[in-house]
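**Q** Here is a sequence with its predicted model. Questions after.
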Amino acid sequence: MPPCPLRRGSGFVQSTIEFAGFGGLYLPIPAISNRLKSEKQTLAQSLRALFTDDDRRSALGIALAAASAAMVRPAPAQTTGYKDMTPWPGVVVREYEGETPSLIPGFKTVSMRDVIMQPGAKTMGPPMMNAMICHITEGELRLEQDGKTFTGKKNFVWTCNKETKEQAYNGGNVVAIMRITDLKA
């Protein structure tokens with residue numbers, strides 16, 4: 001429907017609203033519309049008129065791609081330059097390549113590893129081979145360290161000294177990741 005010419009003296013100009021570059025969209029807003037009742041469209045009719053079959057297929061494809069991208073979430077653990085070991089059932093230790101010289105007195109180098117624990121998994125509590133800083137990056141762990149029990153939730157940070165005995169349990173229903181920065185003498 002072409003826009004109506006200016007009605008002299010009435011102060012009304014009928015116009016179309018461009019919607020994302022698709023033709024004119026006539027909004028059915030009775031309070032401000034000066035169109036005849038027989039010319040008014042419902043919102044569904046207006047939107048249907050905007051899209052051809054090709055436009056609908058393209059829009060559906062874009063919507064599905066956007067929904068798929070929203071569902072895929074990359075793992076918080078690093079994806080290259082590492083070696084995985086499975087020391088206990090449901091526990092993967094991911095050691096990252098390379099050590100960096102340390103600026104902390106008493107430590108020559110630092111390195112990083114992730115302990116990735118499936119729900120229900122636990123470690124066996126070996127003594128620590130060196131001092132370290134631990135950080136929960138995902139999930140939640142129950143920790144027993146030298147006879148004390150505490151819970152580490154996401155972004156909780158704590159330290160361990162050489163020979164500290166610690167056992168970790170993932171009692172939750174999501175994967176937990178403990179990032180460890182090893183401080184090596």
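**A** That came in fine, so what should we check first?
**Q** I figured residue 91 hits residue 120, correct?
**A** No. With contact defined as CB atoms under 8 Å, residue 91 does not count as touching residue 120 (10.5 Å). C-beta: built from backbone N, CA, C; applies to glycine.
**Q** Comparing those two, which residue is more hemmed in?
**A** In this view residue 91 and residue 120 are compared by other CB atoms under 10 Å, and residue 91 has more residues nearby, 19 against 12.
**Q** in the sheet, who's paired with that one?
**A** On DSSP bridges, the residues paired with residue 91 through beta bridges are residue 88, residue 117.
**Q** Can you name the residues that contact it?
**A** 115-118, 121-123 (CB atoms under 8 Å, 6 or more residues apart in numbering).
**Q** average pLDDT across stretch 152-160?
**A** Taken as a whole, stretch 152-160 carries a mean pLDDT of 94.
**Q** same deal with stretch 109-116?
**A** Mean pLDDT, taken over the full extent of stretch 109-116, equals 94.
**Q** If we ignore the residues flanking it in sequence, what's nearest residue 161?
**A** Computed as CB to CB, 6 or more residues apart in numbering, the closest residue to residue 161 that is not its neighbour in sequence is residue 131, at 5.2 Å.
**Q** Hmm, residue 181 and the one you found touching each other?
**A** No. When contacts are counted by CB under 8 Å, residue 131 is not listed as touching residue 181 (9.7 Å).
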